[in-house]
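Novice: Turn this into a model:
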Amino acid sequence: MNCLAVYTGERTIAPVVAVVMNGGYQTVEAALEAVEADIPLLVFDGTGKAADLIAAAYKKPSVLPAL
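Specialist: Residues are numbered from 1 along each chain as shown. Next up, the predicted model:
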């Protein structure tokens, strides 16, 4: 599990998760960076743009064009 060190006077550990709602190109890049860093990605399908694209790719990767 990935954790983020949070400074509160003492070093503590807090879980980290990336959240995608709507978004654009930079959101897709940030989501990819999160996945590559083994940070869990929570995508809200139906919120539009990047979130819907990522959700569609997860549900049915064969519908996306090859890069």
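
Novice: only C-alpha atoms for contact and neighbour calcs from this point on.
Specialist: Fine.

Novice: Strands along the protein, start to end?
Specialist: 3-7, 11-15, 18-20, 41-43 (DSSP state E).

Novice: Pick out the shakiest of those, pLDDT-wise.
Specialist: Lowest mean pLDDT within these: strand 3-7, at a mean of 50.

Novice: who touches stretch 32-48?
Specialist: 1-2, 16-23, 31, 51-52, 54-55 (Cα atoms under 8 Å, 6 or more residues apart in numbering).

Novice: Show me how to select, in PyMOL, the buried members of these.
Specialist: To isolate the buried subset of the contacts of stretch 32-48 in PyMOL, counting by 16 or more other Cα atoms under 10 Å, use the following:
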select buried, resi 19+20+21+22+31+51+52+54+55
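
Novice: Quick one: which of the contacts of stretch 32-48 has the lowest pLDDT value?
Specialist: residue 1 (38).

Novice: pLDDT value on the closest residue to residue 28 other than its chain neighbours, please?
Specialist: Nearest residue to residue 28, sequence neighbours excluded (Cα to Cα, 6 or more residues apart in numbering): residue 50, at 6.1 Å. You'll see residue 50 listed with a pLDDT of 94.

Novice: so residue 50 makes contact with residue 25?
Specialist: Yes: under the criterion of Cα atoms under 8 Å, residue 50 makes contact with residue 25 at 7.1 Å.

Novice: These two: which has the busier surroundings?
Specialist: Applying other Cα atoms under 10 Å to residue 50 and residue 25 shows that residue 50 carries more neighbours, namely 23 against 10.
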